[in-house]
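Engineer: Build me a model:
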Amino acid sequence: MSRWAVILAGGVGSRFWPLSTPARPKQLLPLVTDSPMLAETARRLVPAVKADRTLVITNASLADAVARLLPHFPRTNIIAEPRSAGTAPALAWAAAEIMRRDPEGTMLCVHADWAIGDEPGFRAALTLAADEAEKHHALLTVGVVPTRADPGFGYIRVGAKVDAASRVEKFLEKPDRATAERLVKEGCLWNSGIFVWRATDFLEEIRAKCPEVAPALPLAARGELKAFFEQCKPISVDNGVLERSDRVMVVPGDFGWDDVGTWDALHRVRARDAAGNAAAGDVHLVASKDNVVHADGHTVVLYGVEGLVVTAREGLTLVTTREKAAELKTLLDALPASVRDQE
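Structural biologist: Next up is the predicted model:
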């Protein structure tokens, strides 16, 4: 079996305002390391899947920026969605694209905005999932072993063991904190969004289970990108396929995965100083602890404060608390467009 990678790199990442903008969303920003998150994602995949077998699915408005960021990728491997329709259409198109080039291809599907602490462990989990997907003609997901009861993630209830994988008993939406604590105690896994399957098996399940996308598959088979996305109804792969299928299996993974969803998440995944500050750029901290600071072309000085998020870029500075950092949508809705939409 031959293996392909699919990187989902759409979205605007508004929770990283003011650094992220529609033209420069979080996957194109150096949030965790000195490299943009998409570049890091591509780099960590290379030992498992080469660039010529990696597809990047992104917004049409970002395709040129992605191509500049990944100059070693064939331009035909950067797929520009004419409109955002969710992960089910995006992955269906990727499966059809792979089938046109390689009818026996297996897809390793990841997002461009994750932090991974143990890269060899990450690749080993992908390989195990691919082995099981090919053996059982199943749709595999990698469920991350939780390190805490986090209400910000979805969960997977694990069912009967089958070889190195297990049946998925149920996908569980983001719970409240008490429920998250119970799910972790019960041995549930985080729903990471890492998916592995043979392209042909996934398309079979689209046809059987996902009427929002299935009627458009002949367009995908013919390579008619714009017509395909226009015909699809927006839906996630979780809701449109995985929650409806009886072919879904899971393997556990424990490799320092984090869905970097808010400024506060950077406190978990960035290197921190002795006082617990996670800083990037020209930042000076005196008598300050447990802050997240990002200085983009500016000098930022903090004195005698703790638990803050401070991010500065040309013309804009945001100061909030780590606790409030997850509520940026509320802030953005309250701001005038002249401030909110600055590029």
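Engineer: CA atoms for contacts and neighbours, from now on please.
Structural biologist: Fine.
Engineer: What are the boundaries of the strands in the stretch 151-300 of the chain?
Structural biologist: Counting by DSSP state E, counting those that start in this stretch, the stretch 151-300 of the chain has strands at residues 155-162, 165-172, 189-198, 248-253, 257-259, 278-286, 292-303.
Engineer: Nearest approach to residue 99 belongs to which of those?
Structural biologist: Closest approach to residue 99 among these is made by strand 189-198 (9.5 Å; CA to CA).
Engineer: got the contact list for the closest one?
Structural biologist: Strand 189-198 has contacts (CA atoms under 8 Å, 6 or more residues apart in numbering) with 104-111, 126, 129-130, 133-134, 137-146, 153-158, 171, 252, 259.
Engineer: one more time with 7 Å, if that's ok
Structural biologist: Residues outside strand 189-198 that contact it (CA atoms under 7 Å, 6 or more residues apart in numbering): 105-110, 129-130, 133-134, 138-146, 153-157.
Engineer: Among those residues, which lie within strands?
Structural biologist: Secondary structure from DSSP state E places 106-110, 139-144, 155-157 of these in strands.
Engineer: Is it correct that residue 6 falls within a helix?
Structural biologist: No: using DSSP: H, G, I helix; E, B strand; the rest coil, the assignment for residue 6 is strand, not a helix.
Engineer: okay, now it: neighbour count?
Structural biologist: Applying other CA atoms under 10 Å, we find 27 residues neighbouring residue 6.
Engineer: Also residue 72?
Structural biologist: Using other CA under 10 Å, residue 72 is surrounded by 10 other residues.
Engineer: Need phi/psi at it.
Structural biologist: phi -80, psi 0 (degrees, to the nearest 10).
Engineer: re the thing from before, residue 39: which of the strands of the stretch 151-300 of the chain is closest?
Structural biologist: Closest to residue 39 of the strands of the stretch 151-300 of the chain is strand 257-259 (CA to CA; 16.1 Å).
Engineer: Partner strands of that closest one, with direction?
Structural biologist: strand 114-116 (antiparallel) (DSSP bridges).
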